[in-house]
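> based on what follows, work out the 3D shape:
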Amino acid sequence: MTTLTAPPKTAPPPARPRKSSGTAKWKRRIPLLPALVFTIVVTQLPFVATLVISTFQWNILKPGDRHFVGLDNFTFVFTDERLRTAVFNTVVLTASVVLISVVLGLGLALLLDRRFVGRGLARTLLIAPFLVMPVAAALLWKHAIYNPDYGLLNGTLNAVYRLFGADNGPTVDWISSYPMPAVVVSLVWQWTPFMMLILLAGLQAQPGDVLEAARVDGASARQTFLHITLPHLRQYLELGVLLGTIYVVQTFDAVYTITQGGPGSQTTNLPYEIYLTMFRKYEYGQAAAAGVVVVLGSIVIATFALRTIASLFREEVSR
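Numbering: from 1, shown residues only. Below you'll find the predicted structure:
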């Protein structure tokens, strides 16, 4: 006599997630609408207005002579000699400041990554230049350090010369003689703490077990830095370079305060040239076109920066 066995029970299929209705989606998004509207009003509407102005030939000294010229202002931006000089100066200024700041910031980050008495105080003092207002920092360097009569640099030179028996040292007008280095040094002083903070965060995020394994295997400090620390810091270095480039390429305060673009347009960068075009030549259309070019270039750089930040977050989540 055969017995019938019940078929094995199968688990019920997993419940499918209920699709949220359009009303539920809007209920979640409505609290964000004020912030979205504020962002559009503050950022996008002025940019659209700038785009419109960039297509007009508009000189405030000739109020009745405003007319549509299409892309002629952009052609002028890429062919004008002064703007080409401003682009070159911008590249030189940005590359110099960013690269020197990254190197100095890496050195300071390596020092602060070690334990020593007074490390917290040293870190606070090293961060302080980044917290100074840009105009205040530029005035400090122009008057307290670079001034040929009572500045710190010439005072130090005179003191050194007097140590060796000379009556007085040379009186150097640092801003007139070395305009671009003068601006670069002041910006490096201000942006090195920013790079130091980013790289210090990267150093402190290193996996301790990897460093300990390298130490047990007999790796020297130089080998550990070159083969473990530096590859680990690659994305932090990229992030520092990209963010620094975005900010430094827009530098106006230091150029206007220290050199005013001179002598002979040696330090005139794009933001300062746009200022001259707008408020000295009163060419609103040309200034707007140059501003649009700068914004688009900044957006391209910012895109790479955001990708680097996203990759850093993905690495932290995967650990």
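
> and whichever strand or helix holds Thr23, which residues are buried?
Using DSSP states H and E, Thr23 maps to helix 22-29. For helix 22-29, a neighbour-count test (16 or more other CB atoms under 10 Å) marks nothing as buried. Quick note: C-beta positions are derived from backbone N, CA and C, even for glycine.

> quick one, strands of the stretch 51-200 of the chain?
56-57, 67-68 (DSSP state E, counting those that start in this stretch).

> looking at those, which is buried most?
Stretch with highest mean neighbour count among those: strand 56-57 (a mean of 18; mean count of other CB atoms under 10 Å).

> sheet partners, orientation included, of that one?
Sheet pairing of strand 56-57 (DSSP bridges) gives strand 67-68 (antiparallel).

> pLDDT averaged over the helix holding Thr23 - what is it?
For helix 22-29, mean pLDDT is 76.

> next one: stretch 303-319
On average, stretch 303-319 scores 70.

> next: stretch 210-223.
On average, the pLDDT along stretch 210-223 is 86.

> off-centre distance for it?
34 Å (CA atoms, centre = their mean, to the nearest Å).

> which residues touch it?
Here stretch 210-223 makes contact (CB atoms under 8 Å, 6 or more residues apart in numbering) with Thr224, His227, Ile228.

> and the residues you listed as TSV, adding distance to Ala302?
Below are the contacts of stretch 210-223 laid out as TSV (distance: CB to CB, whole Å):
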residue	distance to Ala302
Thr224	34
His227	32
Ile228	30
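
> which one of the residues you listed is nearest Val172?
In terms of CB to CB, no member of these lies closer to Val172 than Thr224, at 43.0 Å.

> since we're on Ala49, how many residues are nearby?
11 (other CB atoms under 10 Å).

> any idea which element it lies in?
Following DSSP H and E, one finds Ala49 within helix 45-53.

> would you mark the buried spots in the host helix or strand of Leu33?
Per DSSP H and E: Leu33 is located in helix 33-39. Judged by neighbour count using 16+ other CB under 10 Å, helix 33-39 contains no buried positions.

> again, but for stretch 285-296
Those would be Gly285, Gln286, Ala287, Ala288, Ala289, Ala290, Gly291, Val292, Val293, Val294, for stretch 285-296 by 16+ other CB under 10 Å.

> quick check: Met180 touching Val92?
Yes - if you go by CB atoms under 8 Å, Met180 and Val92 touch, sitting 6.8 Å apart.

> quick check, pLDDT for Lys9.
55.

> hang on, I meant Leu36
So Leu36 comes in at 85 (pLDDT).

> what about it, distance to Pro129?
Distance from Leu36 to Pro129, counting by CB to CB, to the nearest Å: 36 Å.

> repeat that for Pro193.
6 Å.

> which one of those two has more residues nearby?
More crowded of Pro193 and Pro129, by other CB under 10 Å: Pro193, with 23 against 17.

> ok, and the closest non-adjacent residue to that one?
Phe130 (3.9 Å; CB to CB, 6 or more residues apart in numbering).

> separation between the one you found and Leu237?
18 Å.

> returning to what we had before: for the helix holding Leu33, output the C-alpha coordinates as PDB.
What follows is helix 33-39, C-alpha atoms only, in PDB (Å, rounded to 0.1, in the frame of the first residue of the first chain):
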ATOM      1  CA  LEU A  33      11.800  73.400  -3.600                       C
ATOM      2  CA  PRO A  34      12.700  76.600  -1.600                       C
ATOM      3  CA  ALA A  35      16.400  75.700  -1.700                       C
ATOM      4  CA  LEU A  36      16.200  74.800  -5.400                       C
ATOM      5  CA  VAL A  37      14.400  78.100  -6.300                       C
ATOM      6  CA  PHE A  38      16.900  80.100  -4.300                       C
ATOM      7  CA  THR A  39      19.800  78.400  -6.000                       C
END
